[in-house]
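Enquirer: just need the structure, nothing else, for what follows:
(chains A and B)
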Amino acid sequence: MPHRWHNGPQTCGWMEMSVSVGRPCPCAHFFLSVRRGRDSLQLLSSSPGFHLREVVEVLEQFVQEGRISAVMWEVCQQQAQAGSPDLQEALLNKIVCLPDHVSNKLQGKNPPVFFPQNYFPFLGGAVIQVLQKISDSLRGKIVSVHLVYLPVFSSTSEEILSVLLPRLTDLTKSDCIWQRICWRLVECVPDRWMEAVLLGFVQRAPGADVLSRLLGNLVVKNKKAQFVVTQKVLLLQYSHTTAVLQNLLGYLSLDSLRRALLIKVLLELLETWGSSSAVKHSPPEQQQYISKAILICLSHLKEHEIESYREELLTSMMEGVKCHLDSSLPQIRCLGMIVAESISSKINTDGPVLKFQVKADAALPSVLESNKKSCTAAPVMPDDESDAEKNIYTPQTNSYLYFFYSDDDLIPYDMSEDKELKVKAPVYIRDCIEVLTGSEDVDKWDTTVKALESLVRKNPAATREVSVELAKILLHLEEKTCTEGFGELRQRAQVAVLTTDPIPVAKYLTSQFYSLNYSLRQRIDILDVLVLAAQELSYPKSHGKTKHAGAQKPCIQLLPGSDSSKDWRRIVDERIKSKTRRFAMGRSQVEVAAVPNEFSSVAGHFFFPLIQHFDRPLTTFDLLGEDHLVLGRLVHTLAILMYLAVNTVAVTAMGKALLEFVWALRFHTDSYVRQGLLSCISSVLLSVPKERLLEDMTEELLETQSWLGDVVEKDPDGDCRRLALQNLLLMENLKKKLKAVPS
Amino acid sequence: MALPPPDPQFVLRGTSAAVHTLHFSCGGQERDVPILFSGSENGFIHVWNLKTHRVDAALDGHGRKSVYCVETMGGKDRLLSQGRDQRICLWDLAEGRTSVTDSVFTENVGFCRCSLLKVAQGRWLMAMAAKAMEEVQVLELPSKTSVCTLKPEVGAKLGMPMCLKLWQLNFGSQPLLLAGYEDGSVILWSLSMGKALSQLVCHQEPVMSLDFDSEKAKGISGSSEKVLSIWSLNEQQNLQVYKTHNLVNPGISDIAIRPDKKILATAGWDHRIRIFGWKKLKPLAVLDYHTATVHCVSFSDHKNPSERLLAAGSKDHRISIWSIYTQT
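Expert: Sure, this is the predicted structure:
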């Protein structure tokens, strides 16, 4: 067999170091000796097409007989005798990359042994064997364990870790020699593999204590490891699970040397959490991740540590709360409140504690929930007792009553439900106005608020007389008592007033939106009411409601047109019917009665006053400055109004104005605002007829398209990217349709 | 532990208007179907078959104006009804007829229910609020001849009569009239003398309803206030306050004492029907079913006590039928 591999084109540099120059032809038993096994690896990498099948067979046998562990063991011993480190590294590189090499050579005809999922568990087993040998020999003399790390920790070898880690976990449980071996093992990992190794360990370790046993004080000794643990995993990445965070931070907390790091990490996390630019520009998922990490850190802190860092914690908490509450995304605000609450409860053991009324919802990380549960678990008992007391007392009082009355032969029923009736609701709209403006009677006020919506809907004529006054009262109405669902009741009443008398009330509300002395809440209310009313007006009314319209007939009858037009319609229909001969009578179709779109005539009144003044700051209200939450709502409102204005006359003018508005705001820093802008564009694309779009707004559309492209690529917010993509798709569809129907 | 109050035995729906008055006719022959008459705000009188719980007939005789009083005149075939069209109609319902045989134009614009008393076979007395504001007129039916007109003394300022109750101690003795007035007083009138025998101020507000038990010479009245007033009539024909009972919510629109004088029921503006023991006015039950003011309560005249029913009609268009304290 010619020894072509000596000077073949693929000869690598390291091959020159080979010890097997001039070896006779390779045969099985030869390779299967330890030294030749190493050679055969070289052979494979350097001799393409040269009895490939034979070589592979040999290799297969080599792997299956567990020769790799022998090779590694040999190398370890060599290390002790100061062998060449380059050679060893190269060799182990080959071992790790063996499946890749083989499959490259065989081009898909790979034997199953060399599939990574089969090969690496083998390799893991081999490593364990070697480690076992080392541990045995350590009890006699010192052997360097230098090299074994290599195959263990090549970054691709998940399978190795899945074999290795449980084994090591078991072995290190009670044996300190094994622990030492393990520590040494990870310490020797070269920097370029450190991250993969650490992550593998952290992700697979069943708990922080196990991790601590396996890694020792690696993070203190190794700079790279420290960087990975304290910076990369926590601050730069955010895809890890909560369990990983718990492992990692738990590991940091378990040793006094590492605790310093824990505190350092916490302070850095808090700094990020409290930085307004991070809150604005990082994705919500990352912020949630950081919040989780902070909460876990906090749970590991001890009394004295909190004591000495109280000031720092307090400062960063204050900053963080501020910038979180500034955010326009409810999820972020919620996170800020949750984290602040737990920091505050940690640092103020005796004083007052921050308390937000945070609703438990999806934004709430599960870590937190478990924390909260553990807090609330204790006071459950006394509650139970008081319940039990109630249960004991009620029957007694009842039996007492029963005794008292039992001189008559008629036995009374339970009358405990006979309570005072709630105050009667007012029946006239003007009564409502009186009660809402002047009344001190809380019950009356309460029932009035509850009854107002239905009253307004039942009496459109009476409402029209006082519509603006009523809208004004409702806008300024504040919750006097703890009425359940007050906000919603008020809003529904406002919507009812607005739909009953759209033009004057819309005029009033939109003018108030840009005037002085309103709270943000009120301004947002105005927007919500406009949207809901527009929605109601634009939807075809159901049958029940058309009947309502009949109820208001008295005032319509004054206009002679409406009734006669119906008659006209009927007469024409009958004439057609009488003169039409039908040959086939299909099943008569139930026609949905067509109703005029009531929003059509008033859409402009809703839309234009809102879009006019956004760039004129008032002393108390600066849409383009710090009141970006309201700006976000405004933009969303405009998007919805635009969408609802489909098929109306004003739609083209509205679309044009809206595109200009979007263009002015397109680089806004708040992602909520940007999301709104993108919805605006969708609305314009959907609502404005496509001929109008192309004829009247070509320029704007082209500009918008290029901006959308930018957003899709660069925007940090996932929702923005998604919306922009959808918009681009809409534009594509538009183009396709135009091509399909050439006009 | 007291039992929870019972639910209605059944509920009659379908008047499609507020129910203002109810009257049972269940005391007939064995095979006669028990019947309930109801008068409602849309001017219809419904004849309910209590076996099928369906409407047997709907009588339209008051020009779609609210009917607020319905009485039978000896059996279910002759009916008297009073409506806001200022008419009192007499109906012939025998053999499926539904015709108005006669009517009286009252000229009164109030809503005082008339009161009917059988004085002899085929002869009734009917008291009704008259045209003049404070007056009560008594007619004899079916002849429609005026028996007397009861005028209070000049300057008494009683206001309109609000509720009337004609009664006599025994069949054949002198009929008397109890009338509740707008100013809250109850006056006992003698029809034969045509003058007031006694006057008692029971309430601060108009008397909305009263009922009287001639055996015990004791009556009860309710007003728009939170209080029920029980008064008695002594041998000298003087009315005296016997007791008052405070209610949880104000407003009583109707009171009925059961024919056996064991219990009484009140119809409350608070949507509730209250049951009291008549002997001591012991509260027995609060029936909370309706969702609007209860306008009227009425007990049935079943011969068998265990079948006796209570009916209540309400502004919520429903008539609830109850079976309560039937075993006593």
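Enquirer: so which residues on chain B come close to chain A?
Expert: Contacts of chain B with chain A, taken as Cβ under 8 Å from any Cβ of the partner chain, map to B:1-6, B:248-249, B:262-263, B:270-272, B:274, B:277, B:279-280, B:282-286, B:288, B:325, B:328. From N, CA and C alone the C-beta is placed, and that goes for glycine too.
Enquirer: list only buried entries from those.
Expert: By neighbour count, with 16 or more other Cβ atoms under 10 Å in any protein chain shown, the residues of chain B next to chain A hold B:2, B:5, B:248-249, B:262-263, B:270-272, B:274, B:277, B:282-286, B:288, B:325 as buried.
Enquirer: low-confidence regions, the chain specifically.
Expert: Went with chain A since none was named. Under the criterion pLDDT under 70, the flagged ranges of chain A are A:1-51, A:75-85, A:87-88, A:139-158, A:358-408, A:422-423, A:541-567, A:581-593, A:741-743.
Enquirer: the intended chain is chain B.
Expert: Counting by pLDDT under 70, chain B has low-confidence residues at B:1, B:328.
Enquirer: ok, now with 80
Expert: For chain B, the stretches with pLDDT under 80 are B:1, B:28-31, B:172, B:328.
Enquirer: what about residue 276, how many neighbours?
Expert: Because you didn't say which chain, this covers chain A. 14 (other Cβ atoms under 10 Å in any protein chain shown).
Enquirer: try again with chain B
Expert: 23.
Enquirer: that one is in what secondary structure piece?
Expert: Using DSSP states H and E, B:F276 sits within strand B:272-277.
Enquirer: list the contacts of that strand.
Expert: Identification of contacts with strand B:272-277 by Cβ atoms under 8 Å, 6 or more residues apart in numbering or on different chains yields A:408, A:410, A:418, B:245, B:247, B:249, B:262-268, B:282-290, B:294, B:297, B:310, B:312, B:320, B:322, B:324-325.
Enquirer: now with 6 Å?
Expert: Contacts to strand B:272-277, defined as Cβ atoms under 6 Å, 6 or more residues apart in numbering or on different chains, come from residues A:408, A:410, B:263-266, B:283-288, B:294, B:312.
Enquirer: which pair in the residues you listed spans the largest distance?
Expert: Greatest spatial distance in the contacts of strand B:272-277: A:D408 and B:V294, 24.8 Å, computed using Cβ to Cβ.
Enquirer: tell me which of the two has more neighbours.
Expert: B:V294 (30 against 13).
Enquirer: can you name the residues bridging to that one?
Expert: B:S314 (DSSP bridges).
Enquirer: and it, what does it touch?
Expert: B:267-268, B:273, B:312, B:314.
Enquirer: partner strands of the strand holding B:F276, with direction?
Expert: Assessed with DSSP bridges, strand B:272-277 is paired to strand B:263-268 (antiparallel), strand B:282-288 (antiparallel).
Enquirer: turn these into CSV, columns for distance to A:K656.
Expert: Output for these, formatted as CSV (distance: least, Cβ to Cβ, whole Å):
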stretch, distance to A:K656
strand B:263-268, 64
strand B:282-288, 61
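Enquirer: for those strands, which one sits closest to A:K221?
Expert: strand B:282-288 (78.1 Å).
Enquirer: now do the contacts for the residue sitting nearest the centre point of chain A.
Expert: Residue closest to the mean C-alpha point of chain A, counted by Cα atoms, centre = their mean, is A:E285 at 5.0 Å. Taking Cβ under 6 Å, 6+ apart, we find A:E285 in contact with A:Y238.
Enquirer: on that earlier part again, looking at the contacts of B:V294, which is nearest A:V712?
Expert: Distance to A:V712 across the contacts of B:V294 (Cβ to Cβ) is lowest for B:S314, with 64.4 Å.
Enquirer: sort out which residues of stretch B:219-235 are buried, please.
Expert: Under the neighbour-count criterion of 16+ other Cβ under 10 Å, stretch B:219-235 has B:219-233 buried.
Enquirer: what residues does that stretch touch?
Expert: Counting by Cβ under 6 Å, 6+ apart, B:180, B:186, B:200, B:202-203, B:205-212, B:217-218, B:239-247, B:250-252, B:255, B:266, B:281 sit against stretch B:219-235.
Enquirer: and for stretch A:345-359?
Expert: A:298, A:306, A:310, A:313, A:334, A:337-338, A:340-341, A:344.
Enquirer: just flag the most distant two among those.
Expert: With Cβ to Cβ as the measure, no two of the contacts of stretch A:345-359 lie farther apart than A:R310 and A:C334, at 25.3 Å.
Enquirer: of the two, who's got more company?
Expert: Higher neighbour count among A:R310 and A:C334: A:C334, with 22 against 13, using other Cβ under 10 Å.
Enquirer: using PDB, write out the CA atom coordinates for the helix or strand encompassing that one.
Expert: For A:C334, the host element (DSSP H and E) is helix A:330-347. C-alpha atoms of helix A:330-347 as PDB (Å, rounded to 0.1, in the frame of the first residue of the first chain):
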ATOM      1  CA  PRO A 330     -48.100  48.700  31.100                       C
ATOM      2  CA  GLN A 331     -45.900  45.600  31.300                       C
ATOM      3  CA  ILE A 332     -42.800  47.700  32.000                       C
ATOM      4  CA  ARG A 333     -44.600  49.800  34.600                       C
ATOM      5  CA  CYS A 334     -45.800  46.600  36.200                       C
ATOM      6  CA  LEU A 335     -42.300  45.200  36.400                       C
ATOM      7  CA  GLY A 336     -41.000  48.400  37.900                       C
ATOM      8  CA  MET A 337     -43.600  48.300  40.600                       C
ATOM      9  CA  ILE A 338     -43.000  44.700  41.400                       C
ATOM     10  CA  VAL A 339     -39.300  45.100  41.700                       C
ATOM     11  CA  ALA A 340     -39.600  48.300  43.700                       C
ATOM     12  CA  GLU A 341     -42.000  46.800  46.000                       C
ATOM     13  CA  SER A 342     -39.700  43.900  46.800                       C
ATOM     14  CA  ILE A 343     -36.600  46.100  47.200                       C
ATOM     15  CA  SER A 344     -38.500  48.400  49.500                       C
ATOM     16  CA  SER A 345     -39.800  45.600  51.600                       C
ATOM     17  CA  LYS A 346     -36.200  44.300  51.900                       C
ATOM     18  CA  ILE A 347     -34.600  47.600  52.900                       C
END
